[in-house]
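Enquirer: structure for this input, please:
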Amino acid sequence: MPSIFINYRSCDETYAAILLDEKLCGRFGREHVFRDNRSILLGKNYKPVLWGSLAKSSVLIVVIGPKWRGEQPDGTAKIDDPDDFVRREIELALQIGIRVVPVLVGDVPNLAAAKLPPSLAALADCQYTRLGNRGAQHDVARLVDELARSFGTSDRPDEPPDGAAAAVNGAVAAVQLARADATVGERINRRSLLRNALAEAVAEARLGAVEFDERRAGYTVVMGTAVPPARVIASFPRALNAALTERNSTLGPLWKVKVGVHPDSVEGAEAIASIPVLDDVLRQASRAHVALAVPDRLYREVVEAHARVIDPSTFGEAVSGGMACWIHVPDYPSPPRVPGIRSNESTVRDAPSPPPIGGPVFHVHGDFHGRQIAGDHVGRDVNYYGDGYRR
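Expert: This is a model prediction of the structure:
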């Protein structure tokens, strides 16, 4: 079986490298696809692993986005540095005759030999493919099929057994700054602060190792394949809301973010985070810093299936931007009533109060669902409230 090496710059369209890695691994097997962050074990001397894997490869895929050259504030570019690893990997592949496939992401212009270091000039002559901003999943599938045909392995592998799909793709969260009156400088500063808040939220939610990719509207966070989507939905928005609440209390003006979660697609997560109703919700929810949206399928398969840890009554159904989805605002019993959102009345029980419990009697107002009231977990003599406090 041929081996495939993915070459990319960590600050440039990382999501494309991750997506390629996932789909190539699903077709050819993880042992036949090399991507540094996944393939090199912690503590290993990376140089012999890196160069040894490249030397054995049949194909080098070069992911080229708008930041591929690595322009620096002083006007220089990383690609012009002879010690740049992205450059050195391509140079070695060209020198030893490895097939090189440039993958242009989005609207990046075609490569021009005159604008490349002389040692990379041949890269401009390699037949390229392109991943569109709106059709990346389709474009990646086409690339994988073309590689399989060139390897003589065009037949698709057997369908994985039930539950095995989770081993290929991890959940994706797209986090975007909500519309706000701010100068360009203020928005740049907010993006930097948002990156720190995201890292804190990922740690608090126990999501393990994730990959961040800076996008035009904010960031994408790609989870590991072992992280269940239920944990992402239940823990990440609440942890991010807490991190932003702390920062807003010390940094002045309130700023808010929209979060879209998709089970396996960067494009899907970004699309749902961009729906207009989330901006309307955040304007109405004065105390909230985060509004979450999940597609209808994820709500049915994850939220409703994990009602003991995710309270469905705190979600509202909406159709926005042509998509059916469900909206949730951390620490709110339900999303604010704005046009396009319908409260989740299907989860409201007839009983107006919880059944008798031992210990002191607590009066907690809200919709009752199982052992939860408006997202708060009810114990015997201690109540665990949705805002994290024990009372």
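Enquirer: who's in contact with stretch 127-146?
Expert: 16, 19-20, 23-24, 27, 101-107, 110-111, 154, 265-267 (Cβ atoms under 8 Å, 6 or more residues apart in numbering). Placement of C-beta: from N, CA and C, glycine included.
Enquirer: among those, name the ones in helices.
Expert: Under the assignment DSSP state H, these contribute 16, 19-20, 23-24, 27, 266-267 to helices.
Enquirer: which two among the residues you listed are spaced furthest apart?
Expert: Arg27 and Glu267 (19.4 Å; Cβ to Cβ).
Enquirer: still on that earlier bit, and the contacts of stretch 127-146, which of them are buried?
Expert: Buried subset of those (neighbour count, 16 or more other Cβ atoms under 10 Å): 16, 19-20, 23-24, 27, 101-105, 111, 265-267.
Enquirer: list just the nearest of the ones in helices among the contacts of stretch 127-146 to Glu71.
Expert: Lowest distance from Glu71 to these (Cβ to Cβ) belongs to Ala16, with 18.7 Å.
Enquirer: what pLDDT does that closest one get?
Expert: Looking at Ala16, its pLDDT stands at 86.
Enquirer: just list the residues touching it, thanks.
Expert: Residues counted as contacts of Ala16 (Cβ under 8 Å, 6+ apart) are 8, 63, 65, 103, 105, 131, 136.
Enquirer: what ranges do the helices span in the protein?
Expert: Along the chain, counting by DSSP H, helices occupy 14-28, 36-39, 46-55, 85-96, 136-151, 184-204, 229-251, 266-273, 276-284, 296-298.
Enquirer: what are the bridge partners for the residue lying closest to Cys25 once chain neighbours are set aside, then?
Expert: Leaving aside its chain neighbours, Cys25 sits nearest to Val33 (5.0 Å; criterion: Cβ to Cβ, 6 or more residues apart in numbering). Counting by DSSP bridges, Val33 forms beta bridges with Ile4.
Enquirer: just Ile327 next, same as before
Expert: Beta bridges link Ile327 to Ala293, Gly316, judged by DSSP bridges.
Enquirer: count of neighbours near it?
Expert: 28 (other Cβ atoms under 10 Å).
Enquirer: residues contacting it?
Expert: By Cβ under 8 Å, 6+ apart, Ile327 lies in contact with 277-278, 281, 291-293, 315-318, 335, 341.
Enquirer: with Ala112 instead?
Expert: By Cβ under 8 Å, 6+ apart, Ala112 lies in contact with Ala124.
Enquirer: change it to 10 Å
Expert: Contacts for Ala112 (Cβ atoms under 10 Å, 6 or more residues apart in numbering) come out as 121, 124.
Enquirer: gap between it and Leu120?
Expert: With distances taken as Cβ to Cβ, to the nearest Å, Ala112 is found 11 Å from Leu120.
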